[in-house]
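>>> What would the 3D arrangement of this be:
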Amino acid sequence: MGIIDRIILSIYTFLLAFLSIAVILLSLRLIPLELAGTSLAYIYGQWEASLIGGVFFLVSIRLLLAGLRSRKAKDTIVHHNDMGDVHISLAAVENLVEKVARHIRGVRGIKVSVALANPGLTVKVKAVVSPESHVPSVAGEIQNRVHEYIKNTVGIDLADVQVTVENISNDFKTKQRVE
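Numbers count the residues shown, from 1 in each chain. From the prediction side, this is the model:
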């Protein structure tokens with residue numbers, strides 16, 4: 001659930017708490033029935049009241065869908081063994097690929113996305129390469145190392161490793177002088 005949904009949920013909860021306190025006080029006869037009757041009579045025929053009711057209905061539907069969406073299982077790789085199932089999230093695989101690709105000589109920056117494919121996983125790597133390196137060999141090394149590392153670590157074959165060199169970086173990290 002995102003921050004906007006949490007803010008809406010907080011306001012919604014506060015308003016429903018106020019409404020429930022009013023119902024409790026009315027049921028315990030602490031609020032006169034005439035006050036509640038005249039309040040309801042005032043709402044009758046007012047388009048503003050129907051607008052507020054519609055907003056509450058839409059907020060209810062939004063929060064219901066946000067709650068259902070948060071319970072939805074993330075995309076995972078499932079390994080079955082004697083003791084049960086092991087689920088490995090695609091985010092964990094992305095972190096592994098990023099770790100491997102960052103340690104390749106000539107790679108300055110990396111962005112990784114992993115998706116489930118029919119025979120295995122599809123890995124898309126967007127890299128920034130240093131200008132002194134040979135770009136096709138760096139891209140091939142990224143493909144080979146990622147393929148082998150994921151096969152050995154996660155235990156699944158990759159369907160495809162796509163490497164896109166987005167930039168060739170001329171930014172050198174200069175050490176600042178301490179004076």
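
>>> Following element in sequence after the helix or strand containing R6, please.
Using DSSP states H and E, R6 sits within helix 3-27. Later in the chain than helix 3-27, the nearest helix or strand by DSSP H and E is helix 33-43.

>>> quick check: angle from that following helix to helix 3-27?
Interaxial angle, helix 33-43 versus helix 3-27 (axes from the mean of the first three to the mean of the last three CA atoms, to 10 degrees): 130 degrees.

>>> what's the distance between helix 33-43 and the middle of its chain?
46 Å (CA atoms, centre = their mean, to the nearest Å).

>>> what's downstream of that helix, the next helix or strand?
Assigned by DSSP H and E, the successor of helix 33-43 is helix 47-71.

>>> tell me what that following helix is packed against?
For helix 47-71, the packing partners by 3 or more CB pairs under 8 Å, 6 or more residues apart in numbering; DSSP states H and E come out as helix 3-27. Every C-beta, even on glycine, is put in place using the N, C-alpha and C of the backbone.

>>> related to what we said a few turns ago, buried sites along the helix holding R6?
Across helix 3-27, burial judged by 16 or more other CB atoms under 10 Å covers D5, I8, L9, Y12.

>>> do stretch 45-65 as well
Neighbour-count burial for stretch 45-65 flags V59, L63 (criterion: 16+ other CB under 10 Å).

>>> Using PDB, write out every CA atom in that stretch.
The C-alpha trace of stretch 45-65 is given here as PDB (Å, rounded to 0.1, in the frame of the first residue of the first chain):
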ATOM      1  CA  GLY A  45     -32.700  16.100  -1.200                       C
ATOM      2  CA  GLN A  46     -29.200  17.700  -0.800                       C
ATOM      3  CA  TRP A  47     -26.900  17.000  -3.800                       C
ATOM      4  CA  GLU A  48     -23.800  17.800  -1.600                       C
ATOM      5  CA  ALA A  49     -24.700  14.900   0.700                       C
ATOM      6  CA  SER A  50     -24.900  12.500  -2.300                       C
ATOM      7  CA  LEU A  51     -21.500  13.800  -3.500                       C
ATOM      8  CA  ILE A  52     -20.000  13.100   0.000                       C
ATOM      9  CA  GLY A  53     -21.600   9.700   0.000                       C
ATOM     10  CA  GLY A  54     -20.200   9.000  -3.500                       C
ATOM     11  CA  VAL A  55     -16.700  10.000  -2.400                       C
ATOM     12  CA  PHE A  56     -16.900   7.700   0.600                       C
ATOM     13  CA  PHE A  57     -18.000   4.900  -1.700                       C
ATOM     14  CA  LEU A  58     -15.100   5.500  -4.100                       C
ATOM     15  CA  VAL A  59     -12.600   5.600  -1.200                       C
ATOM     16  CA  SER A  60     -14.000   2.400   0.100                       C
ATOM     17  CA  ILE A  61     -13.600   0.700  -3.200                       C
ATOM     18  CA  ARG A  62     -10.100   2.100  -3.600                       C
ATOM     19  CA  LEU A  63      -9.000   0.900  -0.200                       C
ATOM     20  CA  LEU A  64     -10.500  -2.500  -0.700                       C
ATOM     21  CA  LEU A  65      -8.600  -2.900  -4.000                       C
END
